[in-house]
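A.B. asks: this one's sequence-less:
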């Protein structure tokens, strides 16, 4: 059952060949069989899942169902789920039972999508390996020695291992696309503002954007239809007409202008990854794409600019964790300042503390202009590079990450080298553009994703390009042998 | 850029995060590595470039000035570390 596409699952549910309870139980059984080892879930919610599946079956029987009704989903543990622990991978929120649902969760609940559980992640989404979780690292289903990527590593791992048909992720600097690449699944970061941030625990609000993580681009298109849309409770939600992200599936790629930035294929890119990406681009050419060279001259400035701006926003966003209203509180505080300081010091992990401190410093008197303001100017330069590139191409293609998945523990002591590995994904977040990662092959026996970046609101086009690519390749159908 | 003990103590106060005496050197070294990364920005000429806060240059939306939140303090305070009579309790600050 876990090898079906979402559309096939939906057809079986609508025809009555299977019930949502059976489908949901199938995934719950797989979770009990495999997750103890994988550690992809922080919380599994079997009772909630089955009761939601029963309600979905009633909707299906009553003829009141949508395409995704009855199809279970795993939510990254950054999405608030009313009555269910929402930890954000942190000791700080280990005792936090969310008192409301994130907008995305509300939308999916309304459709009738049973919640299988909450997936593991880097603490407060700050990381690229899912190793900084309070609950321990998630393993990559393709190789248990490897990281699944991050921060949405748990969601990527559950899709790769077939423990859920759909999972939500969030992408602040690459956290949907990089784990999608490392785990051989499909993931899209939509245009900033397309999906509501309401109820998603904030890391860096001007970058945070939620997106689907699925096996195929077609599945992602159906799921994005469920997630996206205007929400007045998110002040940066875009009030645009409702988009059908499946509308372009099936269109020919003839004449598609594919921009390939020369800067993407320089030093630091693993030669095996380079071969995979170039082969994938030639596959797109066979489908009718025309390669044009483009330039993104300020790409190297994106990483330092991001690591000023994101921690600066984080230092403000995470000031709410003070041991007073919710979350962790230290034992026997001697005074108010001791309460704040010790609750934060004991409740946050090392990387989170580091980013809060860096952010506070970057915003402090005397440094604001040199760091924060400078980084905001670079942000515009990076965005303008993309705008210019899109004058001569429809989409940009390249690698998602310079390597395939690295080993657990390999980079955990060297933050800066881990930061620099985000060089292909971060510019997209600075610009707020949509971008897709689709499985394109293997390097060093670990999956590699092709990165497809488009202009604002081009999600439907990107998903169709991914879909057309997946009509002539089968990388997205590969599953690690032990999980088949 | 290399941070010393004084800077680490200053940052610790700003961030309200405790840095233990024996961790100061380690924290200083790791923060300094990150600040070194920032110095790469200096080479870029940003003369005349407007800082960018929002990718689509959007501005804050306004809404009618009417109450939209309902009182649900009981639900919200049920998850508080310490609350009583609709108040959050903290250590005594006034003698």
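C.D. replies: Right, received. Where do you want to start? In this text the structure is predicted, and so the values were computed from the model without any measurement.
A.B. asks: list phi and psi for the residue nearest to residue A:100 when sequence neighbours are not counted.
C.D. replies: The shortest distance from residue A:100 to any non-neighbouring residue, by CB to CB, 6 or more residues apart in numbering or on different chains, is to residue A:82 (5.4 Å). C-beta here means a position set from N, CA and C on the backbone, and glycine is covered the same way. The phi and psi torsions at residue A:82 (degrees, to the nearest 10) take the values phi -50, psi 120.
A.B. asks: so which strand or helix has residue 59?
C.D. replies: No chain in the question, so chain A it is. helix A:46-61 (DSSP states H and E).
A.B. asks: could you list the buried residues of that helix?
C.D. replies: By 16 or more other CB atoms under 10 Å in any protein chain shown, the buried positions in helix A:46-61 come out as A:46, A:48, A:49, A:50, A:52, A:53, A:55, A:56, A:57, A:59, A:60.
A.B. asks: and that helix, average pLDDT?
C.D. replies: For helix A:46-61, mean pLDDT is 98.
A.B. asks: just checking, what packs against it?
C.D. replies: On a contact count with 3 or more CB pairs under 8 Å, 6 or more residues apart in numbering or on different chains; DSSP states H and E, helix A:46-61 meets helix A:20-38, strand A:115-119.
A.B. asks: now the angle from that helix to helix A:20-38?
C.D. replies: Interaxial angle, helix A:46-61 versus helix A:20-38 (axes from the mean of the first three to the mean of the last three CA atoms, to 10 degrees): 150 degrees.
A.B. asks: quick one: contacts of helix A:46-61?
C.D. replies: Here helix A:46-61 makes contact (CB atoms under 8 Å, 6 or more residues apart in numbering or on different chains) with A:13-14, A:16, A:19-21, A:23-25, A:28, A:65, A:69-70, A:72, A:84, A:109, A:112-117.
A.B. asks: circling back: return the member of the buried residues of helix A:46-61 nearest to chain B.
C.D. replies: residue A:48 (18.2 Å; CB to the nearest CB).
A.B. asks: contact partners of stretch A:315-334?
C.D. replies: Defining contact as CB under 8 Å, 6+ apart, one finds that stretch A:315-334 is touched by A:91-96, A:124, A:202-205, A:338-340, A:342-344, A:346-348, A:352, A:355-360, A:363, B:15-16, B:76, B:79-82, B:88, B:90-91.
A.B. asks: in the longest helix anywhere in chain B, what's buried?
C.D. replies: When chain B is parsed with DSSP state H, its longest helix is helix B:24-38. For helix B:24-38, a neighbour-count test (16+ other CB under 10 Å) marks B:24, B:27, B:28, B:30, B:31, B:33, B:34, B:35, B:37, B:38 as buried.
A.B. asks: what about stretch A:169-179 and chain B, touching?
C.D. replies: No - contact of stretch A:169-179 with chain B (CB under 8 Å from any CB of the partner chain) is absent, the minimum separation being 12.9 Å.
A.B. asks: ok now that stretch, how far from the chain's centre?
C.D. replies: 4 Å (CA atoms, centre = their mean, to the nearest Å).
A.B. asks: stretch A:448-455 now?
C.D. replies: 14 Å.
A.B. asks: stretch A:116-131 too?
C.D. replies: 10 Å.
A.B. asks: what's the end-to-end length of it?
C.D. replies: Terminal residues of stretch A:116-131 are spaced 22 Å apart (CA to CA, to the nearest Å).
A.B. asks: of the buried residues of helix B:24-38, which are in range of chain A?
C.D. replies: Okay, of these touching chain A (CB under 8 Å from any CB), that's B:27, B:30, B:31, B:33, B:34, B:35, B:37, B:38.
A.B. asks: tell me the contacts of the last one?
C.D. replies: I take that to be residue B:38. Contacts of residue B:38 (CB under 8 Å, 6+ apart): A:304, A:307, A:308, A:362, A:371, B:1.
A.B. asks: got it, and the fifth one?
C.D. replies: Contacts were defined as CB under 8 Å, 6+ apart; by that measure residue B:34 touches A:307, A:354, A:358, A:415, A:416, A:419.
A.B. asks: could you flag which of the residues you listed are buried?
C.D. replies: Here, 16+ other CB under 10 Å leaves A:307, A:354, A:358, A:415, A:419 buried among the contacts of residue B:34.
A.B. asks: what pLDDT does the second one get?
C.D. replies: Right, the one you point to is residue A:354. 97.
A.B. asks: identify the residue of the stretch 351-484 of chain A closest to chain B, quick one.
C.D. replies: residue A:432 (2.4 Å).
A.B. asks: residues contacting that residue?
C.D. replies: Residue A:432 neighbours (CB under 8 Å, 6+ apart): A:191, A:192, A:193, A:207, A:209, A:383, A:456, B:54, B:55, B:56.
A.B. asks: if we can go back for a sec, near chain B, which of the contacts of helix A:46-61 show up?
C.D. replies: Counting by CB under 8 Å from any CB, no member of the contacts of helix A:46-61 is near chain B.
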